[in-house]
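Asker: curious how this folds, go ahead:
(one chain, ligands or ions: 1)
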Amino acid sequence: MSRLDSFIRRMKAQRLLLDAAAERIETLDGPIVDLGLGAGRTYDHLRTRFPAREVFAFDNFVQAAVGYLPDAEHMVIGEIRETLPVSLPRLKARAALVHNDLGSADAVGNNAIAHWLAPAIEAIARPDAIIITSFPLPFAKQVALPLPTGINPGRYHILQLTV
Ligand SMILES: C[S@@+](CC[C@H](N)C(=O)[O-])C[C@H]1O[C@@H](n2cnc3c(N)ncnc32)[C@H](O)[C@@H]1O
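Answerer: Coordinates of the predicted model:
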């Protein structure tokens, strides 16, 4: 499969899972956290799909187009390894939904990120938060949730933290 085909399938999987999360977080209070603002596509989908939720975006850089940027309160700029674990006062409540899109096609690099990212997410997420992630994350306790029709296993992941 070409990288373009793979990218398109990844984006379709991401959107299907973000939309599937809507029902799952109905009973979970708390903001949404988007890790990796990038061009702001996912962030824009989240704030459109979840208008009643606060959505916070994290990234080293602000590179999204003007008009699609979070406001200053909802944009956390800096190395996520440092900013995320101490962001709870900024979020004001533990996150109900966390989306991670920090990775790349490099599985070894993703694995290295996963080891510091999982505890950093646990520090700011509800104990029953829904997590959508482009690569596996080693949480202390988690339950894999079923993938909606149309997503091949391993392409994108949805899980719920448990106590
Ligand atoms: C694949 S892009 C995200 C794309 C985004 N979902 C979108 O809709 O455009 C990954 C982003 O994560 C950011 N990133 C990766 N690792 C990071 C880290 N450790 N700290 C802060 N930002 C990071 C990169 O700067 C990049 O903008």
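
Asker: ok, Asn101 - contacts?
Answerer: Let me fix one detail, which is that residue 101 is Asp and not Asn. If a contact means Cβ atoms under 8 Å, 6 or more residues apart in numbering, then Asp101 has 14, 34-36, 38, 42, 134 as its contacts. To be clear about C-beta, it is placed using only N, CA and C from the backbone, and glycine gets the same treatment.

Asker: of those - the most surrounded one?
Answerer: Using other Cβ atoms under 10 Å as the neighbour criterion, Asp34 leads the contacts of Asp101 with 27 neighbours.

Asker: wait, Arg126 touches Ala95, no?
Answerer: Yes - using Cβ atoms under 8 Å, Arg126 is in contact with Ala95, at 6.6 Å.

Asker: more crowded one of the two?
Answerer: Set Arg126 next to Ala95 and count neighbours by other Cβ under 10 Å: Ala95 wins out with 26 against 18.

Asker: relative to Leu161, how far out is that one?
Answerer: As judged by Cβ to Cβ, to the nearest Å, Ala95 and Leu161 stand 10 Å apart.

Asker: phi, psi for the most centrally placed residue in the chain please.
Answerer: Nearest to the geometric centre of the chain sits His99, at 0.9 Å (Cα atoms, centre = their mean). Backbone geometry at His99, expressed as degrees, to the nearest 10, gives phi -110, psi 130.

Asker: what's the answer for Phe56, then?
Answerer: In terms of degrees, to the nearest 10, the main-chain angles of Phe56 are phi -110, psi 130.

Asker: in this structure, which spans are helices?
Answerer: Assigned by DSSP state H, the chain shows helices spanning 3-24, 41-49, 80-83, 88-91, 107-122.

Asker: does the last one come close to the ligand?
Answerer: No - contact of helix 107-122 with the ligand is not found when judged by Cβ under 6 Å from any ligand atom; the minimum separation is 6.8 Å.

Asker: so what touches that helix?
Answerer: Contacts for helix 107-122 (Cβ under 8 Å, 6+ apart): 33, 35, 80-81, 84-85, 98, 100, 102-104, 129, 131, 134-140, 161.

Asker: is it correct that Ile131 is in contact with Leu161?
Answerer: Yes - taking Cβ under 8 Å as the definition, Ile131 is a contact partner of Leu161 at 6.6 Å.

Asker: between the two, which contacts overlap?
Answerer: The contact sets of Ile131 and Leu161 overlap at 125, 139, 142 (Cβ under 8 Å, 6+ apart).

Asker: ok, these vs the ligand, which is closest?
Answerer: Of all the shared contacts of Ile131 and Leu161, the ligand sits closest to Ala125, with 17.2 Å by Cβ to the nearest ligand atom.
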